[in-house]
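>>> Just the structure for this:
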Amino acid sequence: MTTFYAVLSWLLVLGYWLLIASVTLRVLMKRRSVPSAMAWLLIIYIFPLVGIVAYLLFGELHLGKRRAERAKKMWPSTATWLNELKNCRNIFATHISPVSEPLFQLCAHRHGVPAVRGNRLQLLTTSEDTMKSLIRDIDLAKHSIEMVFYIWQSGGQVDNVAESLMAAARRGVRCRIMLDSAGSMHFFRTPYPALMRAAGIELVEALKVNVLRVFLRRMDLRQHRKIVIIDNNIVYTGSMNMVDPRFFKQGAGVGQWIDLMARAEGPAATMLGIIYSCDWEIETGKRVLPAPPDCTELPFEKEAGHTVQVIASGPGFPDEMIHQALLTSVYSSRKQLIMTTPYLVPSDDLLHAICTAALRGIDVNIIVPKKNDSIMVGWASRSFFSELLEAGVKIYQFEGGLLHTKSVLVDGQLSLVGTVNLDIRSLWLNFEVTVVVDDKAFGEDLAYVQNDYIAHSTLLNPEEWAKRPMWQRIIERLFYFFSPLL
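Below you'll find the model as predicted:
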């Protein structure tokens, strides 16, 4: 009996180390950044069983077999549609500013479609203005309304949007809504989903959270886009979830969420429409390619004619596209760079690019919220402050609520507005979208908004920051260790 238990013990020990060795080999074989690989290996060796389970749950990008097959099958028809779109030559931009050219070249080569012109854009700086404008456009919709949001929470103005949508569906407008399962968990427990479906709205719960399938698909892979498309001609996108900030996360102690949305009319709606159709097909298996834009005329070409490129990221889309776009934008700057983000946990490459820009003499400004709704991300963000400040980057801490706006402005000409946070999750994991605008007038509008954020912020003093207590430094370094995993 003693021999039996001894052999069993040796077998358990052998199995234990074989398991650790196999996971270690898997970590090393996957193409990932060195800091990310080292972080995973340290977690696995310091907390073996917990680390292994965590890696199997969150260490690799698993879309799920069924969705992965759909993503693979959709591209031939999507590529054909994009090639046919190129016949509408007059919608594509023929002149790009020098500061925007590198980024637009990257997008054209990786997405396969050049930037489009003949658009009219408007920045909406409050949730109230956004929802009023959205309700007005929904009430005037004739053919179709398509939406995707990470969070939909009932209450306040959101209920008015829901009522307008149901009224539109009842009068014959085709309405499709896709909401992330985790982000909109509470909404799916309210009466509204049943009411919407009864009115004729196709409502899809994207990337359902299912504990029985945790090892078959990565559960923290989320549908983080925020897009509204109306009649294939009007589109909204930006950082705002479908929530009324007066009632959203009031117990978090960070104030109301501050967001920015862009409303566009013109061919840009079609470009966002193809992204929506891909997401819809990956989630439902149904193909709903948008109608091509009217190529005969560009009604806004003489009025404004903003040149727009749309960047999508996530499973099924070009790898690292958002990350490469941000790097290209930062390195293209020659005078000034202004960035706003609620979550600042950049990759080593992006951190290096931002610091290098400041060391080149560029006026680099980063605006972040002083209070954050994520404790881990808040501390991890602070771990990057010292390096940024030493390079000459100005860090502003916004005090008027939780600044949720994601924007980049390069030399007052190149603007990026969308859903992308400056963290690893947005750069490499989630379904994200960014609208890139090459237009000085739009850049001036964005600069006005960013300067207003700065006016309600406190500039971080490098000397005072250097005097912060040692316990804060220790916590910052602790969460810096987890930064590749956030």
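
>>> C-alpha from now on. contacts and neighbour counts both.
Noted.

>>> helix, strand or coil for I229?
What DSSP: H, G, I helix; E, B strand; the rest coil gives for I229 is strand.

>>> Give me the spatial nearest neighbour of it, chain neighbours excluded.
Of all residues not flanking I229 in the chain, V235 sits nearest, at 4.4 Å (C-alpha to C-alpha, 6 or more residues apart in numbering).

>>> What pairs with the helix or strand that contains the one you found, parallel or antiparallel?
According to DSSP states H and E, V235 maps onto strand 234-238. Looking at strand 234-238 with DSSP bridges, its partner strands are strand 227-230 (antiparallel), strand 261-265 (antiparallel).

>>> Just name the most buried of the ones you listed.
Highest mean neighbour count of the strands paired with strand 234-238: strand 227-230, a mean of 26 (counted as mean count of other C-alpha atoms under 10 Å).

>>> what's the spacing between that strand and its chain's center?
Relative to its parent chain, strand 227-230 has a centroid offset of 16 Å by C-alpha atoms, centre = their mean, to the nearest Å.

>>> again with stretch 175-186
For stretch 175-186, the distance to the chain centre is 16 Å (C-alpha atoms, centre = their mean).

>>> Buried ones in it, by neighbour count?
Neighbour counts over stretch 175-186 (16 or more other C-alpha atoms under 10 Å) mark 175-185 as buried.

>>> right, and the pair among the residues you listed with maximum separation?
Spanning the widest gap among the buried residues of stretch 175-186 are C175 and A182, at 21.8 Å by C-alpha to C-alpha.

>>> quick one: terminal-to-terminal distance for stretch 429-441?
End-to-end distance of stretch 429-441 (C-alpha to C-alpha, to the nearest Å): 33 Å.

>>> in this structure, which ranges drop under the pLDDT threshold?
1-2, 4-5, 16, 29-36, 56-65, 68, 210-220, 293-305, 482-486 (pLDDT under 70).

>>> May I ask you to name the longest helix in it?
Of all segments of type helix in the chain, defined using DSSP state H, the longest is helix 2-29.

>>> Give me the angle between the helix or strand just after that one and helix 2-29.
Per DSSP H and E, the first helix or strand lying C-terminal to helix 2-29 is helix 34-46. Interaxial angle, helix 34-46 versus helix 2-29 (axes from the mean of the first three to the mean of the last three C-alpha atoms, to 10 degrees): 170 degrees.

>>> can you give me the strands for the stretch 351-486 of the chain?
Secondary structure of the stretch 351-486 of the chain, counting by DSSP state E, counting those that start in this stretch: strands at 363-369, 394-398, 402-403, 407-410, 414-418, 422-423, 432-438, 457-459.

>>> Let me know how buried N430 is, in neighbour terms.
The tally of other residues near N430 (other C-alpha atoms under 10 Å) stands at 20.

>>> hang on, the earlier thing: closest to H306 out of the strands of the stretch 351-486 of the chain?
Of all the strands of the stretch 351-486 of the chain, it is strand 432-438 that lies closest to H306, at 6.6 Å by C-alpha to C-alpha.

>>> So the residue lying closest to S239 once chain neighbours are set aside versus I395, what's the distance?
Spatial nearest neighbour of S239, excluding adjacent residues (C-alpha to C-alpha, 6+ apart): T419 at 4.9 Å. Distance, T419 to I395, using C-alpha to C-alpha: 21 Å.

>>> Show me how this protein divides into domains.
Annotated domains of the chain cover 2-58, 65-105+114-307, 321-485 [automatic domain parsing].

>>> Just the closest of the buried residues of stretch 175-186 to H404, please.
Taking C-alpha to C-alpha as the measure, H404 sits nearest to G183 out of the buried residues of stretch 175-186, at 15.3 Å.

>>> hey, where'd the strands end up in the stretch 51-200 of the chain?
Listed in chain order, the strands of the stretch 51-200 of the chain (DSSP E, counting those that start in this stretch) span 116-124, 144-149, 174-180.

>>> can I get the ones you listed in CSV with distance to T405?
Listed next are these as CSV, based on distance: least, C-alpha to C-alpha, whole Å:
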stretch, distance to T405
strand 116-124, 11
strand 144-149, 15
strand 174-180, 20
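
>>> Which one, of those strands, ends up nearest to T80?
Minimum separation from T80 across the strands of the stretch 51-200 of the chain (C-alpha to C-alpha) falls at strand 116-124, 18.2 Å.

>>> For that closest one, name the packing helices and strands.
Using 3 or more C-alpha pairs under 8 Å, 6 or more residues apart in numbering; DSSP states H and E as the contact test, the elements touching strand 116-124 are strand 261-265, helix 268-284, strand 306-313, helix 440-455.

>>> what's next to the shortest one, contact-wise?
Contacts to strand 261-265, defined as C-alpha atoms under 8 Å, 6 or more residues apart in numbering, come from residues 119-125, 130, 233-240, 417-418.

>>> Buried subset of those residues, written for PyMOL?
The buried residues among those can be selected in PyMOL (16+ other C-alpha under 10 Å) with this line:
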select buried, resi 119+120+121+123+124+125+130+233+234+235+236+237+238+239+240+417+418
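
>>> returning to what we had before: beta partners of the residue nearest to I229?
Counting by DSSP bridges, V235 is bridged to I229, A264.

>>> Now do the same contact list for it.
227-229, 263-265, 268-269, 272.

>>> Recalculate using a threshold of 10 Å.
121, 134, 137, 145-147, 227-229, 262-273 (C-alpha atoms under 10 Å, 6 or more residues apart in numbering).
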